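>>> task: produce atomic coordinates for the following.
(chains A and B)
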Amino acid sequence: MISIIKALIQGLSITLKHFFHKPITLRYPQEKRQPYERFRGAQQLVKDENGRLKCVACFLCATVCPVECIHIEAGEDEEHRKYPVVFEIDLGRCIFCGLCEQACPKEAIRMSQEYELADYERKDIKYDKERLSR
Amino acid sequence: MDWIAVALFVAKALGVFMFFLVGVAYVTWMERKVLGHMQLRYGPLNVGWFGLLQPIADGIKVLFKEEITVESANKFLYFLAPIIVLICTFFVYAVIPFGESIKIFGRTVDLVVANIDVGLLFVFAIGSMNVYGIVLAGWSSNNKYSLLGGLRSSAQMISYEITMGLSIVGVLMLAGSFSLLDIVRAQEKMWFVVLQPLGFIVFLISSYAEANRCPFDLPEAESELVAGFHTEYSGFKFASFYLSEYGHMIVASSMITTLFMGGWYGPFLSHILGPLWFFLKTVFFLFLFIWVRATFPRFRYDQLMKFGWKVLLPLALANILVTGIVIELLRR
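Alright, predicted model coming up:
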């Protein structure tokens, strides 16, 4: 009998303690959570010091991609350097595994920390070269 | 009755009614806020300052909801049930005194809408009428969950009504009156919670069961019965049940305050600040209601019945016996 009452009071004291505790809610649209260092968000195409894309259109990322969401069309510029004419990633298919980042020999593609990727139409989550190198 | 008396009566009735309505609305706000903080959340925050306009937003929303009447329902009873529940809850508040009598225009005015001599019996009589509303709601919806909810509710309320009635007999013996004003005045020196600790606890627990509140919220156990007796209700009819549940909480808190916690008597200035003390005590018991809800899980049905009949009822009877013996011995 006494142990029952003790347990009841114990429960009440826990909820009372929580009542005076600061809420742990993160008020999302106003406050944003800083992702962890190794968090994998949307891909990003890295530029070199001259402002050109580091990518040499070697297709390794497109090959390694398990869901085949990367579409590349290669081309050659005036300096006979290979570059991607078209570089598209369909984020609707991407599983954010990060294999493209690991496969890249030039460190030209990397996973950014961007996580607010929702959009209203499917065509808008198919990111092109400009969007990816932002 | 001259016109001043009529005007005072109407003013009192309207005042208490409006205060009660606003109170019910803000108890929903308080519940969400307190429950939120106890679960380490904020509760309503965006509508108005600290979410204070949330009850108004909810009210407007519920008024614009579609009213669905079930095809196979018993239409008359289906409409009647929420009205019974709402009226019975609001009616009780007419006899609850919230302050010491004051003098206006050379006449004494009791701070209670209707000071009837059998106030306590009135509360119990009208309070029991509530069961009709709930059972009729469960029956007329023609839904198995509603019916089960209504059945459970009637069994629970009738069982706990007995305990509740017996637990206040001690108070009656001490005060020697059924009038709530007299009961409060008898507590001027010493609150009855000190003289009647057992009666207080029994009354507290059974008023939780009467108000269908956690941990006795079996009639609307959502994991078993969808929503219990008001499963088929929507729009303003649903809101009536919702309001009456919170109204019942206020009534129960006020009754506890009146019967055991000395009503309007406070540490100082009880004559002027009476209503304030009454308000503060009621709010404390409302907080207790929510606090208990945040803490304890629901009873199983057999546990509920066992607890009511095998624990609370003997305790209430023992309380009457002990009180009677002590009063008789002191009189000698």
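
>>> what about the strands in the chain?
You didn't say which chain, so I picked chain A. Secondary structure of chain A (DSSP state E): strands at A:43-45, A:70-76, A:82-90, A:109-111, A:126-127.

>>> wrong one, I was asking about chain B
B:102-104, B:107-109.

>>> re earlier: let me have the strands of chain A in TSV, extended by distance to chain B and mean pLDDT.
(Each C-beta comes from the backbone N, C-alpha and C, glycine too.) Output for those, formatted as TSV (distance: least, Cβ to the nearest Cβ, whole Å; pLDDT from 0 to 100):
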stretch	distance to chain B	mean pLDDT
strand A:43-45	34	90
strand A:70-76	41	90
strand A:82-90	36	90
strand A:109-111	32	90
strand A:126-127	33	89
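
>>> what pLDDT is listed against the spatially closest residue to residue B:58 that is not a sequence neighbour?
Leaving aside its chain neighbours, residue B:58 sits nearest to residue B:28 (7.0 Å; criterion: Cβ to Cβ, 6 or more residues apart in numbering or on different chains). For residue B:28, the pLDDT comes out at 88.

>>> any idea how many residues pack against residue B:273?
Residues near residue B:273, counting by other Cβ atoms under 10 Å in any protein chain shown, number 17.

>>> from residue B:262, how far off is it?
For residue B:273, the distance to residue B:262 equals 13 Å [Cβ to Cβ, to the nearest Å].

>>> render the CA-only coordinates of stretch B:139-157 in PDB, please.
Extracted as PDB, the C-alpha positions of stretch B:139-157 are listed here (Å, rounded to 0.1, in the frame of the first residue of the first chain):
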ATOM      1  CA  TRP B 139     -27.300   4.700 -27.700                       C
ATOM      2  CA  SER B 140     -28.700   7.100 -30.300                       C
ATOM      3  CA  SER B 141     -25.500   7.000 -32.500                       C
ATOM      4  CA  ASN B 142     -26.200   3.400 -33.400                       C
ATOM      5  CA  ASN B 143     -22.500   2.500 -33.200                       C
ATOM      6  CA  LYS B 144     -21.000  -0.300 -31.200                       C
ATOM      7  CA  TYR B 145     -18.100   1.900 -29.900                       C
ATOM      8  CA  SER B 146     -20.500   4.600 -28.900                       C
ATOM      9  CA  LEU B 147     -22.700   2.200 -27.100                       C
ATOM     10  CA  LEU B 148     -19.800   0.500 -25.300                       C
ATOM     11  CA  GLY B 149     -18.500   4.000 -24.300                       C
ATOM     12  CA  GLY B 150     -21.900   5.000 -23.000                       C
ATOM     13  CA  LEU B 151     -22.300   1.800 -21.100                       C
ATOM     14  CA  ARG B 152     -19.000   2.000 -19.400                       C
ATOM     15  CA  SER B 153     -19.600   5.600 -18.600                       C
ATOM     16  CA  SER B 154     -22.900   4.900 -16.900                       C
ATOM     17  CA  ALA B 155     -21.500   2.000 -14.900                       C
ATOM     18  CA  GLN B 156     -18.500   4.100 -13.800                       C
ATOM     19  CA  MET B 157     -20.500   7.200 -13.000                       C
END
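
>>> please identify the buried residues of that stretch?
Residues B:139-141, B:143, B:145-157 are the ones in stretch B:139-157 that count as buried (16 or more other Cβ atoms under 10 Å in any protein chain shown).

>>> same question, stretch B:194-203
For stretch B:194-203, the buried set under the neighbour-count rule, 16+ other Cβ under 10 Å, comprises B:195, B:196, B:198, B:199, B:200, B:201, B:202, B:203.

>>> ok so, going back, okay, the strands of chain A in TSV with mean neighbour count next?
Conversion of those to TSV gives the following (neighbours: other Cβ atoms under 10 Å in any protein chain shown):
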stretch	mean neighbour count
strand A:43-45	21
strand A:70-76	15
strand A:82-90	18
strand A:109-111	20
strand A:126-127	19
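
>>> from chain B, how far off is residue A:38?
The gap separating residue A:38 from chain B is 28 Å, by Cβ to the nearest Cβ, to the nearest Å.

>>> do you know how far that residue is from residue A:103?
In this view, residue A:38 and residue A:103 are 17 Å apart by Cβ to Cβ.

>>> between those two, which one's more packed in?
Ranked by neighbour count (other Cβ under 10 Å), residue A:38 and residue A:103 place residue A:103 first, with 16 against 8.

>>> just to check, the more buried one is in contact with residue A:58?
No: in this structure, residue A:103 is not within contact of residue A:58 by Cβ atoms under 8 Å, at 9.2 Å.

>>> so what's residue A:61 closest to, chain neighbours aside?
residue A:100 (3.7 Å).

>>> can you check the pLDDT for the one you found?
As predicted, residue A:100 sits at a pLDDT of 91.

>>> show me the contacts for it.
Residue A:100 sits next to A:43, A:61, A:64, A:65, A:70, A:109 when contact means Cβ atoms under 8 Å, 6 or more residues apart in numbering or on different chains.

>>> repeat for residue B:296
By Cβ under 8 Å, 6+ apart, the neighbours of residue B:296 are A:8, A:11, B:214, B:215.

>>> the third one reaches residue B:288, doesn't it?
Right, the one you point to is residue B:214. No: Residue B:214 is not in contact with residue B:288 according to Cβ under 8 Å; the separation is 11.8 Å.
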